[in-house]
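this is the structure alone, sequence omitted:
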């Protein structure tokens with residue numbers, strides 16, 4: 001009704017975007033036709049930044065609905081139009097979106113090239129955008145094991161965040177990423193230092209999702225450093241927060257980690273109980289890899305308990321689930 005009756009182009013297009021969001025979940029052919037209708041309507045819009053915003057929105061909606069190539073196609077169109085209008089901010093954003101797409105497709109080396117273009121463009125514009133792109137580029141280097149370049153990007157980003165006193169969720173993610181570089185290089189005390197900073201920030205800005213993540217990361221480091229009591233405390237707090245957010249997948253992972261903690265204490269009965277809790281949750285959320293890994297862990301635990309028949313039963317279940325996973329390392 002809005003599309004048919006409104007005289008305002010942007011109001012019409014906003015309504016068409018909502019229609020598109022529904023169609024993408026129900027009828028891809030009709031959704032793609034709706035996109036063409038939106039593109040036609042955009043031709044009469046004089047507000048160019050609004051046009052860029054809509055192309056970016058179309059790209060994101062396509063990406064959310066597994067139309068990955070379409071997502072990239074509309075990001076490329078947006079980039080082309082932003083270049084034509086010499087809009088620096090939107091050029092950087094579209095470069096970044098394409099880089100995100102490539103990173104999600106495990107094409108880290110290609111994504112870095114687009115992040116480079118985004119950085120070169122963003123340098124001339126919004127400092128916050130520049131800091132966020134530096135962080136994302138760092139993640140690209142991290143994914144291919146280039147920790148030195150990753151850290152160089154992260155530290156540049158950190159300086160901008162601290163200079164401008166940006167106490168945000170994104171800064172928490174940055175502290176996480178810096179900690180993870182130290183973790184990969186076995187500097188566990190430094191990793192814990194950054195994870196604890198993330199935890200302090202999360203509580204300061206009342207970001208429960210960030211707090212749960214930081215608790216989980218800190219717990220892992222305490223366990224690695226041999227402080228099993230603190231590891232349990234932090235994992236237990238993380239479980240409470242993940243349950244509040246209904247993030248069952250992470251609750252399952254926390255139970256799996258608590259199982260490992262109990263095993264380290266040689267409390268194998270409790271370890272088995274945590275594994276069974278984890279499997280129950282992984283089955284609910286359809287996490288095949290989680291199920292396979294946890295059945296393997298149950299097999300190992302029953303081997304330790306001197307119950308080879310039970311162990312073999314669980315290991316065979318682990319193999320059955322591992323067969324369904326594309327990567328075969330676990331199966332081997």
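Looks like it came in fine. In this text the structure is predicted, and so the values were computed from the model without any measurement.

residue ranges with poor pLDDT in this structure?
327 (pLDDT under 70).

OK, contacts around residue 37?
Counting by Cβ atoms under 8 Å, 6 or more residues apart in numbering, residue 37 touches residue 16. No exception for glycine: its C-beta is placed from N, CA and C like everyone else's.

switch the cut-off to 10 Å
For residue 37, the contact set (Cβ atoms under 10 Å, 6 or more residues apart in numbering) comprises 3, 12, 13, 16, 19, 20.

now do it against residue 19, distance only.
Going from residue 37 to residue 19 by Cβ to Cβ, to the nearest Å gives 9 Å.

find residues that contact each of those two.
residue 3.

tell me where the stretch 1-150 of the chain has helices.
2-5, 9-26, 28-42, 48-64, 68-84, 88-104, 108-122, 127-143, 147-164 (DSSP state H, counting those that start in this stretch).

how about the ones you listed in a markdown table, adding distance to residue 192?
Below are the helices of the stretch 1-150 of the chain laid out as a markdown table (distance: least, Cβ to Cβ, whole Å):
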| stretch | distance to residue 192 |
| --- | --- |
| helix 2-5 | 53 |
| helix 9-26 | 42 |
| helix 28-42 | 47 |
| helix 48-64 | 35 |
| helix 68-84 | 37 |
| helix 88-104 | 27 |
| helix 108-122 | 27 |
| helix 127-143 | 18 |
| helix 147-164 | 17 |
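
measure how buried residue 167 is and give me the count.
When neighbours are counted by other Cβ atoms under 10 Å, residue 167 registers 13.

which element is it on?
Taking DSSP states H and E as the definition, one finds residue 167 inside no helix or strand.

enumerate every residue touching the residue lying closest to residue 124 once chain neighbours are set aside.
Nearest residue to residue 124 in three dimensions, chain neighbours excluded: residue 88, at 5.2 Å (Cβ to Cβ, 6 or more residues apart in numbering). Neighbouring residues of residue 88 by Cβ under 10 Å, 6+ apart: 82, 121, 122, 123, 124, 125, 126, 129.

cool, residue 272 as well?
Residue 272 neighbours (Cβ under 10 Å, 6+ apart): 259, 262, 263, 297, 298, 301, 302, 305, 310, 314.

so which residue is dead centre in the chain?
residue 104 (9.3 Å; Cα atoms, centre = their mean).

just checking, that residue touches residue 136?
No - in this structure, residue 104 is not within contact of residue 136 by Cβ atoms under 10 Å, at 11.5 Å.
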